[in-house]
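Asker: No sequence on hand, only this structure:
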């Protein structure tokens, strides 16, 4: 795919988002790009806040999105610079980025800190809430300014030196241009342009000991990092250094692990002995000769800390507070240099095993869970009913891996791509994070959903991973569950459109209103049906919310808006109020008018129970057929290898061994459904124990 083809696809995705969610073109573009950057681990989840004002001394102030990143105590501000030349994208220069981007974002921060912004704009504007929060909180550890554009960057622009605010807060500058966005998409699991320069350390780099491991797809090094150097790297790059599975470990702003702080305060020289150190990965390193015929690392590409986030963040906090003893604190590090070909599978495994001795939940590694593969398979197989007047049935495409939807079109001719898009429309793509957010809302946890996609994903992951071992519950995640999940997505998207156009809507609160309104719809359905639920399959069959449910959602959303604008503490930020259980409780207890026809979209409790029973049996049969098919497809010789491996590791029960003995003679002998399920389960245990899949 060329840069221009990628750009057209990016703009088409943004246009589809604008149409689906009733957004402006610029807002949809910012939402599309920041969501991609969030999924890539480059940015925290951003709040969309399209604002432009004339500030003090006629200074132009603009911002399109922001995020307070708890992981590194930083404030991120973003602005979009879109191409206006109809003939094609022009190169963006540093002067363009500064004049129309960074300077305007910097002005927002500085004039918010002084209080000028909150004193001179209306309280109803989203920018007022942002400005008030910037003013009332202590300065962030770092200010990170981002320019987002669909234009390519000048080839001469390699690096933008950092700066500081008037209060001495370090500023970093990032331009997310067309070429860089495409590179991130192409790399998929590798971070972009995160280069850590170590050449300024004493001796010209970081002394390392290469390990004599023939890993094939990775290299390994052991090192001892000076504490202040590690802290400075984290202060500069922030949470981009953290692999996704460990990012959520860090507490709120400035939270220092008490044990770490105590050791550094009283026995800094013993920190190396007491601390477990960090485990990290990289996509490449530069090595040079060091003192005494040793080796030093001079540069690390795409550094990710997969274990030791709390240690690193605590050192950075103390470094900023000038409490880190210089030259006396050292941190052991294990660095795995992973090839880009294996990064997608190997890095999560390194993270998982590095954290196996700590309090990491299984749900933290949910991105690779079997659940996603099952839903992906269902989404490619189940066709949605054709819309009225259309003769074409389509898929709701579940994007299990970031960039999968676009990658599936790679190498297609123009006609082949058109055919793919007709069958899989852009506005019917469901990502993992969006699915989790919608399910969390309809599971009646809107306060969790309002905490961001990451928190919603973890909450959803917890529920699925806890339930998955139970076959009765696992079997519910079948075709009808997928259809119902799509129906919930349809209702969620309908609510977003309705709220955006409502006369009572307060700008900047859509996400909070939609989360609580859809949760309240779920609660209302239970109450009115006396323990039942909404008839999601009816919504699926119509592929639209319809007039009745739209009127009901609007009635609910207006009540929700009233509660959100009436927090218990005067002047409290709507976004913060929406995250509290007290807000959820008040909304759930609020009276909402029932519209005519709502009862027709409800399923009584007895019918709901019967539906679940039927879904379990249907999925049981599907799973059994799939297990038998897998046994036959892989063939007897393969299962003989699995049997030998399982025996050597002590992973077999007598019944398992008997089932594998039959599978080892496939296709001459075929195991029963139950035996095939045993065989597949044993194979999974063997893969987890080290068998090459």
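Answerer: Sure, I can see it. Worth saying up front: this structure is predicted, and the values here are computed from it rather than measured.
Asker: pLDDT-wise, which helix or strand of this protein ranks last?
Answerer: helix 244-247 (a mean of 54; mean pLDDT, DSSP states H and E).
Asker: and the helix or strand just after it, which residues are buried?
Answerer: Reading on from helix 244-247 to the C-terminus, the next helix or strand found by DSSP states H and E is helix 258-266. Residues of helix 258-266 classed as buried by neighbour count (16 or more other Cβ atoms under 10 Å): 260, 263-264. For the C-beta atoms, the positions are set from N, CA and C on the backbone; glycine is no exception.
Asker: does residue 424 really touch residue 397, like I thought?
Answerer: Yes. Residue 424 is within contact range of residue 397, at 4.4 Å (criterion: Cβ atoms under 8 Å).
Asker: Where does pLDDT dip in the stretch 551-693 of the chain?
Answerer: Low-confidence segments of the stretch 551-693 of the chain (pLDDT under 70): 615-621, 624, 693.
Asker: Now list whatever residues contact both of residue 424 and residue 397.
Answerer: Residues touching both residue 424 and residue 397 (Cβ atoms under 8 Å, 6 or more residues apart in numbering) are residue 405.
Asker: Among the two, which residue is more densely surrounded?
Answerer: Taking other Cβ atoms under 10 Å, residue 424 and residue 397 do not tie; residue 397 has more neighbours (21 against 18).
Asker: buried set for the helix or strand harbouring residue 679?
Answerer: Assigned by DSSP H and E, residue 679 falls within helix 673-688. Judged by neighbour count (16+ other Cβ under 10 Å), helix 673-688 contains these buried residues: 675-680, 682-683, 685-686.
Asker: what does stretch 569-582 give?
Answerer: Using 16+ other Cβ under 10 Å as the test for burial, stretch 569-582 gives 573-575, 577-579.
Asker: Same check on stretch 169-176?
Answerer: Neighbour-count burial for stretch 169-176, with 16+ other Cβ under 10 Å as criterion, is recorded at 169-176.
Asker: ok, these vs residue 201, which is closest?
Answerer: Of all these, residue 170 has the smallest distance to residue 201: 19.5 Å, by Cβ to Cβ.
Asker: can you pull the pLDDT of the closest residue to the closest one other than its chain neighbours?
Answerer: Leaving aside its sequence neighbours, residue 170 sits nearest to residue 142 (Cβ to Cβ, 6 or more residues apart in numbering; 5.1 Å). Per-residue pLDDT puts residue 142 at 91.
Asker: sorry, back to before: among the buried residues of stretch 169-176, pick out the one closest to residue 335, please.
Answerer: residue 172 (23.5 Å).
Asker: Could you pull up the residues touching the closest one?
Answerer: Contact analysis of residue 172 by Cβ under 8 Å, 6+ apart lists 142-145, 162, 236-238.
Asker: SS state for residue 333?
Answerer: Secondary structure assignment for residue 333 (DSSP: H, G, I helix; E, B strand; the rest coil): strand.
Asker: burial measure for residue 667, as a count.
Answerer: By other Cβ under 10 Å, 10 other residues sit near residue 667.
Asker: And the strands in the stretch 101-250 of the chain?
Answerer: 142-149, 163-164, 170-176, 195-197, 206-210, 218-226 (DSSP state E, counting those that start in this stretch).
Asker: just checking, what's the longest helix in this protein?
Answerer: For the chain, the helix that runs over the most residues, judged by DSSP state H, is helix 605-634.
Asker: so after that helix, what's the next helix or strand?
Answerer: Counting by DSSP H and E, what follows helix 605-634 is helix 636-648.
Asker: Could you check the angle that following helix makes with helix 605-634?
Answerer: On the basis of axes from the mean of the first three to the mean of the last three Cα atoms, to 10 degrees, helix 636-648 is oriented at 100 degrees to helix 605-634.
Asker: what's the angle from helix 636-648 to helix 673-688?
Answerer: Helix 636-648 and helix 673-688 meet at an angle of 60 degrees, taking the same axes, to 10 degrees as the criterion.
Asker: Run through the neighbouring helices and strands of helix 636-648.
Answerer: On a contact count with 3 or more Cβ pairs under 8 Å, 6 or more residues apart in numbering; DSSP states H and E, helix 636-648 meets helix 654-663, helix 673-688.
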